[in-house]
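K.L.:
Curious how this folds, go ahead:
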Amino acid sequence: MPTIVLVRHGQTDLSRADYFCGTTDPPLDAVGREMAEAVAARAARERWAALHASPLLRARETAEAIGRWIGLPVQIEPDLREMAYGAWEARRAADVRHSDSARYQEWVASPATVTPPGGGESGESVAARAVPVIEAIARRHAGGGVLIVSHKTTIRLVICSLLGVDLNLYRVRIAAPVASFAAIEFKESGPLISLLGDTSHLPPHLRGG
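P.N.:
Numbering: from 1, shown residues only. Predicted structure coming up:
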């Protein structure tokens, strides 16, 4: 049965400072590039059937580092991009909480269905586009492991959806630190999460970035 390993991209200037960063497309910062190499070194300890990534630059840069180590091309999957945050894009979460308090609190309470203003996505919308991609990749690689580089919110929503966890709880039940690994085994009994939020491959000075 296949194993899908979801990797969150390395650090960016915006992730470090807790900005909403969905369609905004920053590159990895210096720490993020170091993280990507550590992720790649870990990945190189195993054999992989395929390597997929979101089209956003931070994910592609992380995936390209992995590809150099494991000798596989990066296959781009547009529907594995991050949640779109609309008018909250590229703003600090603390600032949005202050300036748009009512809508922010509504979103915090029900992120599966409430959308950020100005064209943001709901959690349900992200799961609806991302989960079919994951399931299709798992079907294509029934006998091997696949690496997928994506984003914090997308990864958490995929995991909740596959495990049957209420999507409204993705922000409080699932951890996805930068440059972390999460593994889902597709068994006859259904998806099984065997690794979550793992950053053990990062040297101590990079953990928690």
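K.L.:
which element is D95 on?
P.N.:
Secondary structure from DSSP states H and E places D95 in helix 93-99.
K.L.:
Same check on E185?
P.N.:
Under the criterion of DSSP H and E, E185 resides in strand 181-187.
K.L.:
Show me the residue at the heart of this protein, geometrically.
P.N.:
Nearest to the mean C-alpha position of the chain, counting by Cα atoms, centre = their mean, stands H151 at 2.4 Å.
K.L.:
Now do the contacts for that one.
P.N.:
By Cβ atoms under 8 Å, 6 or more residues apart in numbering, the residues touching H151 are R8, H9, G22, S54, L56, R58, A59, L80, R81, E82, M83. All C-beta atoms are positioned from the backbone trio N, CA, C, and that covers glycine.
K.L.:
returning to what we had before: can you spell out which helices and strands pack onto the strand holding E185?
P.N.:
strand 3-8, helix 152-163, strand 190-198 (3 or more Cβ pairs under 8 Å, 6 or more residues apart in numbering; DSSP states H and E).
K.L.:
I'd like these laid out as CSV, including distance to H205 and mean neighbour count.
P.N.:
As requested, those are exported to CSV (distance: least, Cβ to Cβ, whole Å; neighbours: other Cβ atoms under 10 Å):
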stretch, distance to H205, mean neighbour count
strand 3-8, 18, 24
helix 152-163, 21, 24
strand 190-198, 17, 15
